[in-house]
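Peer 1: Dropping a prediction and its sequence here:
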Amino acid sequence: MELPFFKKTDVIGLDIGSNSVKVIQLAPAKKSWRLVNIGIGHLPSEAIVDGYIIDSMTVISVVKELIASQGIKVKNCVSALTGHSVIIKKVNLPVMSEAELAESIQWEAEQYIPFPITDVNIDFQILGTDTEGRGQMEVMLVAVKKDVINDYTNVIKESGLVPVIIDVDSFALENMFEMNYSVAPNENIAIVNIGATITSINILRGGITIFTRAIPVGGNQLTEEIQKVLGISFKDAETLKFGGSVSGIDAEGVPQVVERVSGNVALEVKRSIDFFLGGAPGMFISKIYLSGGCTKTKALQAIIQERTTIPVEMVNPFTNIECSSKKFTMDYIKDVAPCFGVGVGLAMRRAGDK
């Protein structure tokens, strides 16, 4: 959703998640993009819950500190929303022009949106018309609660930035994937973005989003389970989750906890993919790409592959981005790459883009 009155210009991508804030700045390069700035600021638990900002002052403080620490001067910002306040549906509507649909979208969307139509902002993209002569066309419908948009734009403004586009995380991931990977026209792949509290599943056909689902599971469940089993702090549990060690703590039981909770995540991913395939006879998913900070958890990739029986690969959002700079090492880029799938997709946007 583009905010009005802004021309194409430099932007930063600002991915505000439940556990952290990621900022990234890209500049056009000869063949693709060049990394200019990148950084992560960590949020305390409960600052953002299920995509809703609970403690705006803390989020503003973290964003300000992050922007200052990176020496970022660009003010125009592209951010994204996720969670159950965002409704994405692929629907079939009578064939009409884009202008005609824009005029009638409120009425057309009302039957698909579980909120009062006056409480949401609506956007759409026409995916194509059917080839069977039924006079129908496929439309991707997006609705976001106005109060959630206002909360995020207010946080961005209070942080000293200018919100020029508010995107949806699924579409940001689509942009990132298109820039870094090639997909055959009829190939279906799934991008599974596992955040701290929400896992989003995005299925692309020929590189275009055709199915999305957000499920309320994420990395924090795993951290909290380790914390409970071992009676340790959240911070120490995070360290153990990613395969680290903590002085004075016996981590012998951690692999069993990781396997159990990762199995629950894998089950939810499988259910979502099975749901999609149940409504798409003859289709199959050729590969799952994992994104999100939680995907660095040891054994998670193997467990998802085992439970879904689909090849699983970690996504690298910097595959086609020039990353040579004195400001960051390649080891750092490799370490943070899983966290920046959404951020890279946002940083590629410019006001005025379609």
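Peer 2: It's in.

Peer 1: Please name every helix or strand in contact with whichever strand or helix holds Ser262.
Peer 2: Using DSSP states H and E, Ser262 maps to helix 254-278. Judged by 3 or more CB pairs under 8 Å, 6 or more residues apart in numbering; DSSP states H and E, the packing partners of helix 254-278 are strand 188-194, strand 199-205, strand 208-215, helix 219-230, helix 234-241, helix 300-308. Backbone N, C-alpha and C define where each C-beta goes, glycine included.

Peer 1: switch the cut-off to 6 Å
Peer 2: Under the contact criterion of 3 or more CB pairs under 6 Å, 6 or more residues apart in numbering; DSSP states H and E, helix 254-278 touches strand 208-215, helix 219-230, helix 300-308.

Peer 1: buried residues in that helix?
Peer 2: Across helix 254-278, burial judged by 16 or more other CB atoms under 10 Å covers 254, 257-258, 261-262, 265-266, 268-269, 272-273, 276-277.

Peer 1: Would you reformat those residues as JSON lines and include distance to Ile288 and pLDDT?
Peer 2: Listed next are the buried residues of helix 254-278 as JSON lines, based on distance: CB to CB, whole Å; pLDDT from 0 to 100:
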{"residue": "Val254", "distance to Ile288": "25", "pLDDT": "83"}
{"residue": "Val257", "distance to Ile288": "23", "pLDDT": "84"}
{"residue": "Val258", "distance to Ile288": "19", "pLDDT": "83"}
{"residue": "Val261", "distance to Ile288": "18", "pLDDT": "86"}
{"residue": "Ser262", "distance to Ile288": "14", "pLDDT": "87"}
{"residue": "Val265", "distance to Ile288": "12", "pLDDT": "89"}
{"residue": "Ala266", "distance to Ile288": "10", "pLDDT": "92"}
{"residue": "Glu268", "distance to Ile288": "13", "pLDDT": "92"}
{"residue": "Val269", "distance to Ile288": "7", "pLDDT": "93"}
{"residue": "Ser272", "distance to Ile288": "11", "pLDDT": "93"}
{"residue": "Ile273", "distance to Ile288": "8", "pLDDT": "94"}
{"residue": "Phe276", "distance to Ile288": "12", "pLDDT": "91"}
{"residue": "Leu277", "distance to Ile288": "13", "pLDDT": "92"}
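
Peer 1: Dump those residues into JSON lines; add distance to Ile88 as well.
Peer 2: What follows is these, written out as JSON lines (distance: CB to CB, whole Å):
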{"residue": "Val254", "distance to Ile88": "36"}
{"residue": "Val257", "distance to Ile88": "33"}
{"residue": "Val258", "distance to Ile88": "31"}
{"residue": "Val261", "distance to Ile88": "27"}
{"residue": "Ser262", "distance to Ile88": "26"}
{"residue": "Val265", "distance to Ile88": "21"}
{"residue": "Ala266", "distance to Ile88": "23"}
{"residue": "Glu268", "distance to Ile88": "17"}
{"residue": "Val269", "distance to Ile88": "17"}
{"residue": "Ser272", "distance to Ile88": "13"}
{"residue": "Ile273", "distance to Ile88": "16"}
{"residue": "Phe276", "distance to Ile88": "13"}
{"residue": "Leu277", "distance to Ile88": "18"}
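
Peer 1: Kindly reformat the helices and strands packed on helix 254-278 as TSV containing mean neighbour count and mean pLDDT.
Peer 2: Shown next, in TSV, are the helices and strands packed on helix 254-278 (neighbours: other CB atoms under 10 Å; pLDDT from 0 to 100):
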stretch	mean neighbour count	mean pLDDT
strand 208-215	20	87
helix 219-230	20	86
helix 300-308	19	92
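
Peer 1: Can you tell me which of these is nearest to Leu161?
Peer 2: Leu161 sits nearest to strand 208-215 of all those, at 25.3 Å, using CB to CB.

Peer 1: State the mean pLDDT of the strand or helix carrying Lys89.
Peer 2: Assessed by DSSP H and E, Lys89 sits inside strand 86-94. For strand 86-94, the mean pLDDT works out to 85.

Peer 1: ok, then the element right after that strand?
Peer 2: Taking DSSP H and E, what comes next after strand 86-94 is helix 98-109.

Peer 1: Now do the strands in the stretch 51-200 of the chain.
Peer 2: 52-53, 76-81, 86-94, 120-129, 136-145, 162-168, 188-194, 199-205 (DSSP state E, counting those that start in this stretch).

Peer 1: still on that earlier bit, could you dump the helices and strands packed on helix 254-278 to CSV with distance to Asn92?
Peer 2: Output for the helices and strands packed on helix 254-278, formatted as CSV (distance: least, CB to CB, whole Å):
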stretch, distance to Asn92
strand 208-215, 13
helix 219-230, 36
helix 300-308, 28
